[in-house]
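**Q** Below is the structure, and that's it, no one-letter string:
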């Protein structure tokens with residue numbers, strides 16, 4: 001691989017792309033990077049999710065770390081946010097989670113946290129990437145008594161759960177919830193946490209077998225939890241992804257509540273309680289227009305960030321804000337956690353719901369969710385950036401934006417990783433936005449099928 005890191009960390013096909021050798025060298029490179037800055041023996045916490053390849057890659061990672069002279073504390077199967085929290089609270093030098101989050105089981109990867117509990121910086125990513133991909137020979141290995149040791153962290157899961165329980169005075173007695181664990185890390189933590197808070201738990205997709213993580217369940221597919229909510233007459237559904245970084249909800253009718261809607265409920269509750277710092281919320285360009293209108297009507301200022309947890313977290317920390325996130329269910333609460341934590345999001349949502357005194361189907365109406373149409377248009381690599389200067393494309397986008405007025409918007413951007421252009425159109429009329437999205441997509445296909453012409457000046 002020429003590049004290791006994506007916005008979601010290191011992700012790819014397990015074993016053949018994310019190889020044991022590459023993971024081992026990443027562990028060694030991490031130790032080398034830390035050793036250059038620290039005067040003591042390096043200690044790294046390691047956790048994993050439930051997919052088939054995770055234990056294999058975990059062992060490779062630990063072998064790499066220990067062979068470079070650092071010690072490892074094994075956390076076992078545990079959410080990514082738990083790795084971040086325990087790394088910070090135990091004063092470890094770094095934490096690594098073996099996971100591919102919401103991706104199917106054949107994918108895997110690494111999320112790396114610094115000793116502060118935050119994701120490592122881009123500078124550190126570049127350093128690790130340069131070492132692993134271009135100069136692995138510079139990694140020193142040790143032998144004899146200098147090799148590292150790997151020990152197990154007893155009760156890691158419960159230490160993390162106790163931490164969540166102490167964050168607030170929660171009592172959800174009487175709430176009946178269906179909880180979809182995505183056959184991932186929530187399978188061993190969610191019921192313990194929510195039962196301790198008084199929730200009547202109805203657990204589904206909580207029996208991982210190595211291959212069923214995120215398979216027809218979790219945030220990727222809410223059909224199964226919707227049926228169970230109806231059958232069991234539950235008050236709410238809570239649904240997670242493989243490493244419990246994301247959380248979506250469903251109301252008592254089985255209708256999905258996305259990350260934007262969750263943030264509207266949390267921000268309104270926080271504002272009433274005086275906990276919404278500067279009355280500002282960080283969202284992304286693709287957040288639903290309905291959230292912007294909700295925020296304006298409730299005197300909440302919207303701060304826009306580039307997509308991705310690291311970008312949102314940076315905005316939150318720079319501004320001293322208390323809430324940010326994405327439509328996909330990744331919500332960040334920097335005063336409570338250093339990273340996106342689906343279990344924490346769910347706890348805070350249940351708290352806001354209970355304080356509202358409403359059913360979830362009523363509470364969600366504080367934000368009108370606008371229909372959105374998103375189309376990914378594949379382009380040839382040579383058209384990257386050039387399409388932005390094509391007047392046939394830009395004039396059509398401008399014309400259709402005028403047609404939507406204040407009741408809609410068009411957002412067209414190039415993917416940072418893959419050769420495609422993402423076209424998003426939203427507004428009150430689904431028929432109109434669908435037509436506009438297809439018109440713009442067709443125009444991009446038409447214009448990018450030709451030989452690109454560079455405008456040059458002498």
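**A** Thanks, I have it. Since the model is a prediction, treat every value here as computed from it, not as a measurement.
**Q** From now on I want contacts and neighbour counts done on CA atoms only, so please keep to that.
**A** Noted.
**Q** List the pairing partners of the host helix or strand of residue 238 within its sheet, with orientation.
**A** Taking DSSP states H and E as the criterion, residue 238 maps to strand 236-240. Here strand 236-240 has these sheet partners by DSSP bridges: strand 176-180 (parallel), strand 247-250 (antiparallel).
**Q** now the strands: where do they sit in the stretch 351-458 of the chain?
**A** Assigned by DSSP state E, counting those that start in this stretch, the stretch 351-458 of the chain shows strands spanning 372-378, 408-414, 420-427.
**Q** can I assume residue 290 is in contact with residue 368?
**A** Yes: here residue 290 lies in contact with residue 368, judged by Cα atoms under 8 Å, at a distance of 5.2 Å.
**Q** now the angle between strand 420-427 and the helix or strand hosting residue 296, please.
**A** Following DSSP H and E, one finds residue 296 within helix 289-297. Between the axes of helix 289-297 and strand 420-427, defined by axes from the mean of the first three to the mean of the last three Cα atoms, to 10 degrees, the angle is 50 degrees.
**Q** and helix 289-297, what other elements does it pack with?
**A** Where contact means 3 or more Cα pairs under 8 Å, 6 or more residues apart in numbering; DSSP states H and E, helix 289-297 is packed against helix 259-272, strand 301-305.
**Q** which other helices and strands contact the next helix or strand along the chain from the first one?
**A** Spelled out, that is helix 259-272. Once the chain leaves helix 259-272, the next helix or strand it forms, by DSSP H and E, is strand 280-284. Where contact means 3+ Cα pairs under 8 Å, 6+ apart, strand 280-284 is packed against strand 301-305, helix 309-319, strand 324-325.
**Q** Residue 331 and residue 308: what is the separation?
**A** To residue 308, residue 331 is 11 Å away according to Cα to Cα, to the nearest Å.
**Q** Show me which of the two is the more surrounded one.
**A** The neighbour comparison of residue 331 against residue 308 (other Cα atoms under 10 Å) goes to residue 331, with 31 against 15.
**Q** I'd assumed residue 396 was in contact with residue 388.
**A** No: contact between residue 388 and residue 396 fails when scored by Cα under 8 Å: they sit 12.0 Å apart.
**Q** Please tell me how far the spatially most central residue of the chain sits from residue 287.
**A** For the chain, the residue nearest the mean C-alpha position is residue 330 (4.6 Å; Cα atoms, centre = their mean). Counting by Cα to Cα, the gap from residue 330 to residue 287 is 12 Å.
**Q** quick revisit: of all the helices and strands packed on helix 289-297, which one is nearest residue 92?
**A** Comparing the helices and strands packed on helix 289-297 by their distance to residue 92 (Cα to Cα), the top pick is strand 301-305, with 30.0 Å.
**Q** circling back to that earlier point, shared neighbours, residue 388 and residue 396?
**A** Counting by Cα atoms under 8 Å, 6 or more residues apart in numbering, residue 388 and residue 396 have no contacts in common.
**Q** hang on, residue 258 packs against residue 325?
**A** No: at 10.8 Å, residue 258 and residue 325 do not qualify as touching, with contact defined as Cα under 8 Å.
**Q** Give me the more crowded residue out of those two.
**A** Neighbours per residue, other Cα under 10 Å: of residue 258 and residue 325, the larger number sits with residue 325, 28 against 20.
**Q** Next, the contact list for that one, please.
**A** Residue 325 touches 259-260, 263, 282-284, 309, 312, 331-332, counting by Cα under 8 Å, 6+ apart.
**Q** could you redo the last one with a cut-off of 7 Å?
**A** Taking Cα atoms under 7 Å, 6 or more residues apart in numbering as the criterion, residue 325 is in contact with 282-283, 312, 331-332.
**Q** again, but for residue 327
**A** By Cα under 7 Å, 6+ apart, the contact list for residue 327 reads 258-260, 287.
**Q** switch to 10 Å and redo it
**A** If a contact means Cα atoms under 10 Å, 6 or more residues apart in numbering, then residue 327 has 246, 248, 257-263, 283-284, 286-288, 307 as its contacts.
**Q** Kindly confirm my reading that it forms part of a strand.
**A** No: counting by DSSP: H, G, I helix; E, B strand; the rest coil, residue 327 falls outside a strand, being coil.
**Q** Between residue 290 and residue 368, tell me which one has more neighbours.
**A** Higher neighbour count among residue 290 and residue 368: residue 290, with 23 against 16, using other Cα under 10 Å.
**Q** mind showing which ranges of this structure have poor pLDDT?
**A** Applying pLDDT under 70 to the chain flags the ranges 1-2, 382-383, 416-418, 450-458.
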